[in-house]
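J.: Everything below, folded, please.
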Amino acid sequence: RQEEEQGARPKRDPVINGQGSGFVIRKEGYILTNRHVVEGAEKILVVLKDGTEFAAEVRGVDAQSDVAVLKIDPQGAPLTAATLGDSDQTQVGEFAIAIGAPYELEYSVTFGHVSAKGRGQILNDPTMDQDFIQTDANSNPGNSGGPLVNIAGEVIGINTLIRGLRTGIGFAIPSNLAREVADKLIRDGRFVRAYLGVQIKALRDDAEMRSRVKGLSEGVVITAVVPDGPAAKSELRADDIITAVEGVPVATPQELRSQIRSKP
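T.: Numbers count the residues shown, from 1 in each chain. Just a heads-up that it's a prediction; the model follows:
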């Protein structure tokens, strides 16, 4: 408060709120939302647009991506599922439409643009999957879990975080990540990640390593190998640089995590 009175701009952490939205992803009654929307809830009530109410159970949650899947029984009446788009094809600058229930104002629609892709380090937790789509479509508490939609009506993300109120800076989990996690949650009730057991950072952020490596500008530097981890049994060593996973280039720690996430 003192900083605000003096005209300074204090750092504002992303806002995470227990109010929330969601959307149907399978006509059998599976609903996608954020984990933080349902976390700690004793009972969950889903209200559809026509006012129909359903008791919901949590089919599964994934803490590292903040994705949750709910299940309701549509009682013989198949639901209309949203179409999940390919978030990899989303372009910076294209229109983005956020749908949700900000401050319990149901089915509020705001629009803006995709401001950026691949935003990481938004949360102060290196274990989190942080590959957010940034948007300036206005979001408020209660938008969490709702869809971010492109102009074709395809869901390209789950609205998850906002960087302060009235800033026009929101973050959405990409639909491709959400689909990957949701499919496993529906099938197995949990999402099991593969991991290498290494400490890493981007080559572009390591000036000393770049000066030692000629002809290579992108990759992920291994800074340490965790004892007794999977990589300890391999040929990977500190100062190695990973440039691709099965032919797919990787330039950042998040890109590497994304490539190995679902490997057996």
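J.: how about the strands in the stretch 51-200 of the chain?
T.: 53-62, 67-71, 95-100, 108-119, 132-135, 147-149, 155-162, 170-174, 198-202 (DSSP state E, counting those that start in this stretch).
J.: Switch those strands over to CSV; also include mean neighbour count.
T.: (Glycine included, C-beta is placed from N, CA and C.) As requested, the strands of the stretch 51-200 of the chain are exported to CSV (neighbours: other CB atoms under 10 Å):
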stretch, mean neighbour count
strand 53-62, 17
strand 67-71, 25
strand 95-100, 22
strand 108-119, 17
strand 132-135, 26
strand 147-149, 27
strand 155-162, 28
strand 170-174, 27
strand 198-202, 18
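J.: between these, which gets nearest to Ile222?
T.: Ile222 lies closest, by CB to CB, to one member of the strands of the stretch 51-200 of the chain: strand 198-202, at 4.9 Å.
J.: Quick one: residues in contact with the closest one.
T.: For strand 198-202, the surrounding residues in contact (CB atoms under 8 Å, 6 or more residues apart in numbering) are 219-226, 229, 231, 236, 242, 251-253, 256.
J.: Just the closest of the residues you listed to Lys49, please.
T.: Taking the contacts of strand 198-202 together and measuring to Lys49 by CB to CB, the closest member is Thr252, at 39.1 Å.
J.: Quick check: the closest residue to the closest one other than its chain neighbours vs Thr33, distance?
T.: Using CB to CB, 6 or more residues apart in numbering and skipping residues adjacent in sequence, the residue nearest Thr252 is Ala202, 4.9 Å away. Distance, Ala202 to Thr33, by CB to CB, to the nearest Å: 32 Å.
J.: ok, now Val245?
T.: When distance is defined by CB to CB, Val245 is 30 Å away from Thr33.
J.: so where's this structure uncertain?
T.: Residues of the chain meeting the criterion pLDDT under 70: 1-19.
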